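Student: predicted model and sequence below, questions to follow.
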Amino acid sequence: PILLKELEEWGGPALVKRYYEVELPFLRTVANMERRGVYVNVAKLQELGNEYAAEQWTFEEDIKGFTHHENFNPNSPQQVGTYLFKELGLPAIGGKTKTGYKADAKTLEAIRHLSPVVDMIMEWRAIAKLRGTYTEALPKMVSPITSRVHGLISTTGTGTGRVSMSDPNLMNIPTRTERGAKMRYVFEGQNDNFLMDIDYSQIEPRVLAHLSEDPFLIETFCSGQDLYRAIAGHPRVFNCAPADVTHTQRSAIKMGWLAATYLVGAEKLAAQMTLQLKERWTPQQASEFLAAFFSVVSRVREYREASIDFARKHGYVETMMGFRIPVVGINSPIPDIKAHAHAQAVNLPIQGTASGDILKHAMNQLDSLGSGIPKMILQVHDELIFEGPREELEDTKELIQTILENVVHLRVPLEAKPKIAKTWGGAKED
């Protein structure tokens, strides 16, 4: 009774209805996934751990040779800061701390191009994190009974309704590097089983197309075009045929998209473009780029303004299905807090609709299908992983795809792509 009273006070009958129809059934879905767990090939994991250790040792020796410090510790912010900013004289853009210079990942990334030793240190740290988080920790988490890891899945860890995971957190495996992507190959279908990975294609941009009602976005998705190529090829942006859009141009549009939805200004975007695209961008260029971007998707700008205004008036925003998410600091007099709240006001309805509304509904439907259906064992961001005999996965993949693509009806089609392989890594290969 106390919970229902609070739900009614906060969101009225709509929130009470969501609690019974979505959130409560989702607890069962999550419990089933935790119980099933994910099989880990421990022998492969140990082999990968040895490979990481050898690679880390090589970087360590290279760092010692470069710095001429035999006892140099790449993981020590104090030693790294003193060497880079005092001995080498690199710009200390992160400033100072009580114990020396700031030498965190963000600071090092910004000066990575200035000296090869910065890259060596960052690579050493990346391997150390992979070893500590996965190759050394995972074997201790494998159940001796099931030979699987049974991570804890939280349904309240994020404000958007997206689930989070711990012990182990398989959602944070870095996949943008070849080294990190190798980690996915240690997760397999157990015995004769295979895995099927099926993920939503550009789900958040599709949600934004629906919420903003932008005609260019709607036309792009309804005609089956690649969003980033379509924007890049527009006459007011890079003015070329979508097929002729370069990798750099597509990447620039992707970063522009994130800037548009996270309210990143021209100066910060220019720095990000320079760093990621390996070519110099000035704030003026970034400003002109954003202006061209918004001239193509003008309703996105209008959506941003409307969402911020709504949050100012109500103190919260809503997902497509009416789930209310508080926006803390939306009327704060402190500029940094207010700016962060404005970005949340724009982003939370998009993320909440994608992960809280669409994915939860789909997962509940899939988990209730009964026998003859492969078991859903993991959710990682916008993808779901199933396990079962290969024949069963082949026989049911179209049914699962249909459920995912039709769980809600937007102004644009949802698209989910299944792939079957023995390992999770294999299921992610192009």
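Tutor: Nice, I can see it. Numbering: from 1, shown residues only.

Student: OK, contacts around A266?
Tutor: Shown in contact with A266 (CB atoms under 8 Å, 6 or more residues apart in numbering): 283-284, 286-287, 290. All C-beta atoms are positioned from the backbone trio N, CA, C, and that covers glycine.

Student: please spell out the ChimeraX selection for the buried subset of these.
Tutor: Buried subset of the contacts of A266, written as a ChimeraX selection, criterion 16 or more other CB atoms under 10 Å:
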select :286,290
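
Student: what residues sit buried inside the longest helix seen in the chain?
Tutor: Scanning the chain for the helix with the most residues, using DSSP state H, yields helix 42-67. Buried residues in helix 42-67, counted by 16+ other CB under 10 Å: 44-45, 48-49, 52, 55-56, 59-60, 62-63, 66-67.

Student: and the strands in the stretch 1-150 of the chain, which stretches?
Tutor: Secondary structure of the stretch 1-150 of the chain (DSSP state E, counting those that start in this stretch): strands at 38-40, 96-97, 100-101, 148-149.

Student: scratch that, the stretch 201-350 of the chain
Tutor: Going by DSSP E, counting those that start in this stretch, the stretch 201-350 of the chain shows strands at 316-318, 324-326.

Student: neighbouring strands of the last one in the sheet, and parallel or not?
Tutor: Spelled out, it's strand 324-326. Pairing partners of strand 324-326, with direction, according to DSSP bridges: strand 316-318 (antiparallel).

Student: how far does the partner strand sit from its chain's centre?
Tutor: Counting by CA atoms, centre = their mean, to the nearest Å, strand 316-318 is centred 22 Å from the centre of its parent chain.

Student: cool, stretch 137-156 as well?
Tutor: 22 Å.

Student: ok, stretch 217-227 next?
Tutor: 22 Å.

Student: check stretch 244-251 too.
Tutor: 21 Å.

Student: show me where pLDDT drops low in the protein?
Tutor: The chain contains residues with pLDDT under 70 at 1.

Student: let me see the ranges of the helices in the stretch 1-150 of the chain.
Tutor: Remark: helices assigned in the stretch 1-150 of the chain by DSSP state H, counting those that start in this stretch are 2-18, 24-36, 42-67, 77-81, 105-110, 116-130, 138-141.

Student: name the residues that touch the last one?
Tutor: Read it as helix 138-141. Here helix 138-141 makes contact (CB under 8 Å, 6+ apart) with 40, 42, 45-46, 149, 167-168, 186.

Student: 10 Å instead?
Tutor: 37, 40, 42, 45-46, 49, 134, 148-151, 167-168, 170, 183, 186-187 (CB atoms under 10 Å, 6 or more residues apart in numbering).

Student: please apply the same query to stretch 79-93.
Tutor: With contact meaning CB under 10 Å, 6+ apart, stretch 79-93 is reached by 63, 66-69, 71-74, 76, 94-97, 99-104, 106-108, 110-111, 114-115, 117-118, 121, 125.

Student: recalculate using a threshold of 8 Å.
Tutor: Under the criterion CB under 8 Å, 6+ apart, residues 67, 69, 72-74, 100-103, 107-108, 110-111, 114-115, 117-118, 121 lie in contact with stretch 79-93.

Student: can you select the buried ones from these in ChimeraX?
Tutor: The ChimeraX selection below is limited to those of these classed as buried (16+ other CB under 10 Å):
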select :67,72,74,100,101,102,103,107,108,110,111,117,118,121
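
Student: coming back round to it: most neighbours per residue, which of the strands of the stretch 1-150 of the chain?
Tutor: Across these, averaging neighbours per residue (mean count of other CB atoms under 10 Å) puts strand 38-40 on top, at a mean of 23.

Student: which strands and helices lie in contact with that one?
Tutor: Counting contacts by 3 or more CB pairs under 8 Å, 6 or more residues apart in numbering; DSSP states H and E, strand 38-40 is packed against strand 148-149, strand 187-188.

Student: redo the ones you listed as a markdown table? Include distance to P326.
Tutor: Formatted as a markdown table, the helices and strands packed on strand 38-40 follow (distance: least, CB to CB, whole Å):
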| stretch | distance to P326 |
| --- | --- |
| strand 148-149 | 34 |
| strand 187-188 | 36 |
